[in-house]
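Asks: here are the coordinates; sequence isn't available:
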């Protein structure tokens with residue numbers, strides 16, 4: 001488990017699967033762009049049984065407050081083309097946003113990945129309209145690299161995404 005001043009980050013426990021799946025379903029309905037694939041409940045649980053949502057090429061962790069309530073999630077996946085890990089994150093409920101939880105989680109998780117993976121680059125692909133997420137990336141030291149035009153499809157539209165990266169040597173220690 002990773003611990004910060006206000007949050008904890010850890011893999012999901014089997015006893016949390018049902019609750020977490022319902023959180024994901026609600027979040028997917030509420031968000032215009034939801035950066036995670038939500039499968040059927042059967043496939044979701046089957047995937048957990050076979051991988052625990054944590055492997056060399058990808059992983060998913062919960063973000064919890066100190067009351068052990070799930071407030072968000074953060075994940076990584078190995079890039080197909082680049083020597084990089086791509087990170088995705090979300091704070092689920094509006095009441096928990098704007099409090100610095102994601103900034104803390106992204107800093108902690110980025111440092112963890114650099115310390116535990118043979119990787120030199122982390123990257124984020126953020127929809128260009130998502131100013132709060134862009135602000136989090138910038139506050140965590142991620143550097144803007146450019147726009148990937150119409151790179152993702154969401155709700156019937158192609159969206160431009162801002163590409164941000166952080167190199168191992170740029171991590172705040």
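Replies: Nice, thanks for sending it over. Keep in mind it's a predicted model, so treat the numbers as computed, not measured.

Asks: which elements pack onto the lengthiest helix in the chain?
Replies: Using DSSP state H, we find that the single longest helix of the chain is helix 101-116. For helix 101-116, the packing partners by 3 or more Cβ pairs under 8 Å, 6 or more residues apart in numbering; DSSP states H and E come out as strand 2-3, strand 8-10, strand 58-64, strand 70-78, strand 85-91, strand 121-127, helix 131-139. Where you see a C-beta, it was placed from the backbone N, CA and C, and this is true even at glycine.

Asks: repeat that with 7 Å
Replies: Counting contacts by 3 or more Cβ pairs under 7 Å, 6 or more residues apart in numbering; DSSP states H and E, helix 101-116 is packed against strand 8-10, strand 70-78, strand 85-91, helix 131-139.

Asks: closest one to residue 152 among those?
Replies: strand 85-91 (11.4 Å; Cβ to Cβ).

Asks: just send the helices and strands packed on helix 101-116 back as a markdown table, with distance to residue 108 and mean neighbour count too.
Replies: Formatted as a markdown table, the helices and strands packed on helix 101-116 follow (distance: least, Cβ to Cβ, whole Å; neighbours: other Cβ atoms under 10 Å):
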| stretch | distance to residue 108 | mean neighbour count |
| --- | --- | --- |
| strand 8-10 | 6 | 17 |
| strand 70-78 | 9 | 21 |
| strand 85-91 | 11 | 21 |
| helix 131-139 | 13 | 17 |
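
Asks: reformat these as JSON lines; add mean pLDDT and distance to residue 43.
Replies: Converted to JSON lines, the helices and strands packed on helix 101-116 look like this (pLDDT from 0 to 100; distance: least, Cβ to Cβ, whole Å):
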{"stretch": "strand 8-10", "mean pLDDT": "97", "distance to residue 43": "23"}
{"stretch": "strand 70-78", "mean pLDDT": "95", "distance to residue 43": "17"}
{"stretch": "strand 85-91", "mean pLDDT": "94", "distance to residue 43": "19"}
{"stretch": "helix 131-139", "mean pLDDT": "95", "distance to residue 43": "27"}
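
Asks: let's have the ones you listed in a markdown table, adding distance to residue 28.
Replies: Output for the helices and strands packed on helix 101-116, formatted as a markdown table (distance: least, Cβ to Cβ, whole Å):
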| stretch | distance to residue 28 |
| --- | --- |
| strand 8-10 | 21 |
| strand 70-78 | 12 |
| strand 85-91 | 10 |
| helix 131-139 | 17 |
